[in-house]
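> no sequence on this one, just coordinates:
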């Protein structure tokens, strides 16, 4: 009678899958009674084998993920061998293959990998269609340069007033600036102020503000220093 080698993972795996003959199974059981480490290993292998039994045959067909495909091929061999119940001298050779299958499942995540094979494909939920951005009627996009200074501004109409977003670059760092909305009647309304940083001088500073000027009365957008120096003015 062939006795199992101590801590033989192949024999333990074959026993967990029910592939040993009665004599071999009794020999493994005797070893398990005296070896706590193998008892722990056998319990884990038996739990994995039980999960393999739950895998339906159709899941062994073609698969898409590479890792799952390798696993399915191995499981297909395990199930074919198990169905035949080979209890000959080939059992030890197959025991190694069975061990490889069970250990591969355990190392790759055990129940997580088997669960991924068993679990039905999740229905993909279509992403919602993008909401079109509606630009309010009467919105003004202004651009201009004055030497090294450049400005791009968007004037958005509201009821009796406007919102303003302006990006300004080229003004020397350290200068204190104010953004103005100029009306057709010559009136000026401040819409925001900032201190130019070194980064803002090169890359630009974006200022958001508002001014009480009727949208139809906007004539220009200008940037001035706190001393009154005009860096740039872009007319409508």
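Nice, thanks for sending it over. Owing to the predicted nature of the structure, the values given are computational and were not obtained by experimental measurement.

> per-domain residue ranges of this protein.
Per the record, the chain has its domains at 9-118, 140-235, by automatic domain parsing.

> I'd like to know which of the ones you listed has the weakest mean confidence.
Comparing mean pLDDT across the domains of the chain, the weakest is domain 9-118, with a mean of 60.

> Residue 23 looks like it's in a helix, true?
Yes: under DSSP: H, G, I helix; E, B strand; the rest coil, residue 23 sits within a helix.

> For burial, what's the neighbour tally of it?
Neighbour count of residue 23, defined by other Cβ atoms under 10 Å: 12. Just so you know, the C-beta spots here come from the backbone N, C-alpha and C atoms, and that holds for glycine as well.

> ditto for the one 5 residues further on
As a burial measure, the neighbour count of residue 28 was computed by other Cβ under 10 Å and equals 21.

> what are the phi and psi values for the residue lying closest to residue 187 once chain neighbours are set aside?
Using Cβ to Cβ, 6 or more residues apart in numbering and skipping the chain neighbours, the partner closest in space to residue 187 is residue 213 (7.2 Å). Main-chain torsions, residue 213, degrees, to the nearest 10: phi -140, psi 130.

> and residue 213, how far is that from residue 205?
Distance, residue 213 to residue 205, by Cβ to Cβ, to the nearest Å: 22 Å.

> Could you do residue 236 as well?
The gap separating residue 236 from residue 205 is 22 Å, by Cβ to Cβ.

> Neighbour count: those two, which is higher?
Taking other Cβ under 10 Å, residue 236 and residue 205 do not tie; residue 205 has more neighbours (17 against 12).

> Dihedrals phi and psi, the more buried one?
Dihedral angles of residue 205 (phi, psi; degrees, to the nearest 10) stand at phi -120, psi 130.

> Contact partners for it?
167-169, 194, 196-197 (Cβ atoms under 8 Å, 6 or more residues apart in numbering).

> Repeat that for residue 178.
Contact analysis of residue 178 by Cβ under 8 Å, 6+ apart lists 190, 192-193, 223-226.

> Buried members of those residues into ChimeraX, please.
Applied in ChimeraX, the following selects the buried portion of those according to 16 or more other Cβ atoms under 10 Å:
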select :192,223,224
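
> Kindly indicate which of the contacts of residue 178 lies nearest residue 139.
residue 192 (18.1 Å; Cβ to Cβ).

> tell me which residues form a beta bridge with the closest one?
Beta bridges link residue 192 to residue 179, judged by DSSP bridges.

> Hmm, it is touching residue 207, no?
Yes: between residue 192 and residue 207 there is a contact at 4.4 Å, judged by Cβ atoms under 8 Å.

> Residue 153 - how many residues pack around it?
Using other Cβ under 10 Å, residue 153 has 24 neighbouring residues.

> How about residue 169?
Residue 169: 19 neighbours (other Cβ under 10 Å).

> swap in residue 194?
Per other Cβ under 10 Å, the neighbour tally for residue 194 reads 18.

> separation between it and residue 215?
From residue 194 to residue 215 the distance is 24 Å (Cβ to Cβ).

> Same check on residue 139?
9 Å.

> With residue 182 instead?
13 Å.

> Could you name every residue contacting both of residue 192 and residue 207?
Overlap of the contact sets of residue 192 and residue 207 (by Cβ under 8 Å, 6+ apart) consists of 164, 166, 179.
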